[in-house]
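**Student:** Below are the sequence and a predicted model; questions follow.
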Amino acid sequence: MRLSQFFLPTLKETPSEAQIASHRLMLRAGMVRQLTAGIYSWLPLGYRVLKKIEQIVREEQDAVGCNELLMPTIQPAELWQESGRYDDYGLEMLRITDRHDRKMLFGPTNEEAITDIFRKDVRSYKQLPQLMYHIQWKFRDEIRPRFGVMRGREFLMKDAYSFDIDYESSRHAYNKMFLAYCRTFTRLGVKAIPMVADTGPIGGDLSHEFIILADTGESEVFCDKKWLEKDLSGQGVDLNDRTALENWVQGTLVDYAATEEKHDADNSPISGDDLIATRGIEVGHIFHFGTKYSAPMGATVLGPDGKEVPVMMGSYGIGVSRLVGALIEASHDENGIVWPDAVAPYKVGLINLRTGDDECDAACEDAYAKLHNAGIEVLYDDRDIRAGGKFADMDLIGLPWQIVIGPKGLKNGVVELKNRRTGEKTEVTFEAALNQIS
Ligand SMILES: Nc1ncnc2c1ncn2[C@@H]1O[C@H](COS(=O)(=O)NC(=O)[C@@H](N)CS)[C@@H](O)[C@H]1O
């Protein structure tokens, strides 16, 4: 992509309303713009990151056998009246009426909707287990939306739902999701620690929040420092071996980690230097809640003994749009964002030090074509502005690599290759730079 043809409204100044780094940087890097409180437009650069995160989440859900579907954002109130949550949910629920004066709502979550889909078409235990997910916008009328997309009112969530015949099977679904979450966050380049958590308005008796440690996080958390070294990539675990999977999950959870609601300082198994007390960002939350929705909504199946039984359910959420901010919180420096490779909007920024100089322009066009033909996502800064502005913008938007082409380098047959994370700059031939980036 050529920057002269790309809508990237970077800002030099820090917007006054931004209180944390990720909010400041997302505005300055031209990634989002607020439409109204807690509601954001995703501009081209930000949208590319959002889609990359979404795709990694999707791949890891698919890898554990979860079926992707898409439910509406608008739901009829009746479903929530059946489950009893219509009144309980409170002011966070955006309630609307249609032209026929029917009560509707903008879904804050989809337990009722997915249970309605299930109960219409699943009647026998032979059709179980079912594991489905979608990636859809939610609305929660937060009383104080803040920190940009971190606590928005309209936000993108992956929410999955499991349906099983008994607790053991439901526990297996829970463990599959637990593993999928560990793999997902590892691929995103962050350590999201699973912590015992409250179940809140979603309900149930078993729940873990996946938390990225960050001093600007909204959650107060406590965990064993062993978590910092723990490998959560979950490779080689046999999904279909219930015992092996349970052992891996329990083996992972052997070290203490709890949110403030669950932490009991007097009974914590660790203390002193072994205990990390800090703040964190909740990027995922999984729940087992049994028949909380299937019973009141009549989602039952004919069991092996010929009796109707309400199915056992769980739900599993990841804050896809929140993750854009969370990844920036976890990976930025004084010059801007430092994207993990897996979600960078482009892999390399190509900087022309002297736009308008025939030799430089030709060399950049050649480099641009070669990078593109090598399948490398490149953002070419071909604007006719001073070099300092190009360097500042490229550092700000945080692409993993920069290739700088200027008259001096060309005379020596070299380009400057910069690694954004380390700041290391080397003068190499373009071919050597291409090899290092590939
Ligand atoms: N206001 C918000 N802004 C951005 N992300 C949010 C917001 N509220 C929740 N999230 C994200 O959405 C994830 C799931 O939300 S949740 O309430 O914990 N869980 C559910 O809604 C369940 N139905 C999971 S399917 C959270 O872990 C968080 O990462």
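**Tutor:** The structure has been received and is ready for your questions. Numbering: from 1, shown residues only.

**Student:** and L11, what does it touch?
**Tutor:** With contact taken as Cβ atoms under 8 Å, 6 or more residues apart in numbering, L11 is in contact with 27-28, 30. In this view, the C-beta of every residue, glycine as well, is placed from N, C-alpha and C.

**Student:** which one among the residues you listed gets closest to M297?
**Tutor:** Looking at the contacts of L11 and their distance to M297, the nearest is L27, at 42.3 Å (Cβ to Cβ).

**Student:** isn't the closest one right up against P15?
**Tutor:** Yes - counting by Cβ atoms under 8 Å, L27 does reach P15; the two are 4.9 Å apart.

**Student:** just curious, which of the contacts of L11 is nearest to the ligand?
**Tutor:** Ranked by distance to the ligand (Cβ to the nearest ligand atom), the contacts of L11 are led by L27 at 16.6 Å.

**Student:** Any idea how far the helix or strand harbouring the closest one is from the middle of the chain?
**Tutor:** Assigned by DSSP states H and E, L27 belongs to helix 21-28. Relative to its chain's centre, helix 21-28 lies at 17 Å (Cα atoms, centre = their mean, to the nearest Å).

**Student:** State the mean pLDDT of it.
**Tutor:** Average pLDDT, helix 21-28: 97.

**Student:** same deal with stretch 261-272?
**Tutor:** Mean per-residue pLDDT for stretch 261-272: 87.

**Student:** For it, could you pull out the residues that count as buried?
**Tutor:** The neighbour-count check on stretch 261-272 (16 or more other Cβ atoms under 10 Å) flags 263, 268 as buried.

**Student:** In terms of pLDDT, where does M177 sit?
**Tutor:** pLDDT, read off for M177, is 98.

**Student:** Could you do T199 as well?
**Tutor:** Taking T199 on its own, its pLDDT is 72.

**Student:** who has more neighbours, L27 and P15?
**Tutor:** The residue with more neighbours, out of L27 and P15, is L27; 23 against 13, by other Cβ atoms under 10 Å.

**Student:** Show me what the helix holding L27 is packed up against.
**Tutor:** Contact partners of helix 21-28 among helices and strands, from 3 or more Cβ pairs under 8 Å, 6 or more residues apart in numbering; DSSP states H and E: helix 320-330, strand 332-333, strand 336-337.

**Student:** Now tabulate the ones you listed in TSV and tack on mean pLDDT, distance to V348 and mean neighbour count.
**Tutor:** Compiled in TSV, the helices and strands packed on helix 21-28 are given as follows (pLDDT from 0 to 100; distance: least, Cβ to Cβ, whole Å; neighbours: other Cβ atoms under 10 Å):
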stretch	mean pLDDT	distance to V348	mean neighbour count
helix 320-330	97	19	26
strand 332-333	96	19	16
strand 336-337	98	15	24
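
**Student:** Make JSON lines out of these and add distance to the ligand.
**Tutor:** Below are the helices and strands packed on helix 21-28 laid out as JSON lines (distance: least, Cβ to the nearest ligand atom, whole Å):
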{"stretch": "helix 320-330", "distance to the ligand": "4"}
{"stretch": "strand 332-333", "distance to the ligand": "19"}
{"stretch": "strand 336-337", "distance to the ligand": "19"}
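
**Student:** Quick one: closest of those to W137.
**Tutor:** helix 320-330 (8.5 Å).

**Student:** Could you list the residues in contact with the closest one?
**Tutor:** 20-23, 25-26, 31, 40, 46, 49-50, 53-54, 57, 135, 147-152, 155-158, 188-190, 212, 214, 216-217, 281, 283, 319, 337, 339-340, 343.

**Student:** show me what contacts the closest residue to Y40 other than its chain neighbours?
**Tutor:** Among residues not flanking Y40 along the chain, V32 sits closest, at 4.5 Å (Cβ to Cβ, 6 or more residues apart in numbering). Contacts for V32 (Cβ under 8 Å, 6+ apart) come out as 26, 40-43, 46, 148-149.

**Student:** Check R95 too.
**Tutor:** Under the criterion of Cβ under 8 Å, 6+ apart, the neighbours of R95 are 77, 103-105.

**Student:** Over to N247?
**Tutor:** When the contact criterion is Cβ under 8 Å, 6+ apart, N247 has no partners at all.

**Student:** How about the residues of the stretch 1-150 of the chain by the ligand?
**Tutor:** Residues of the stretch 1-150 of the chain lying near the ligand by Cβ under 6 Å from any ligand atom: 109, 140, 142.

**Student:** Now do the buried residues in the longest strand along the chain.
**Tutor:** For the chain, the strand that runs over the most residues, judged by DSSP state E, is strand 275-290. Across strand 275-290, burial judged by 16+ other Cβ under 10 Å covers 275-276, 280-290.

**Student:** Stretch 246-260 now?
**Tutor:** Result for stretch 246-260 [16+ other Cβ under 10 Å]: buried residues 246, 248-249, 252, 255-259.

**Student:** residues near the residue nearest to A18 when sequence neighbours are not counted, how many?
**Tutor:** Among residues not flanking A18 along the chain, R24 sits closest, at 4.0 Å (Cβ to Cβ, 6+ apart). Counted with other Cβ under 10 Å, residues neighbouring R24 total 21.

**Student:** R24 touches P15, doesn't it?
**Tutor:** Yes - under the criterion of Cβ under 8 Å, R24 makes contact with P15 at 6.7 Å.

**Student:** quick one: T199 and F287 touch, right?
**Tutor:** Yes - T199 is within contact range of F287, at 5.6 Å (criterion: Cβ under 8 Å).

**Student:** For stretch 8-18, what is the distance to the chain centroid?
**Tutor:** Taking mean C-alpha positions (Cα atoms, centre = their mean), stretch 8-18 and its chain are 23 Å apart.

**Student:** Report the buried residues of that stretch.
**Tutor:** Buried residues in stretch 8-18 (16+ other Cβ under 10 Å): 8, 10, 18.

**Student:** Doesn't the last one belong to a helix?
**Tutor:** No - residue state for A18 (DSSP: H, G, I helix; E, B strand; the rest coil) corresponds to coil; a helix is not indicated.
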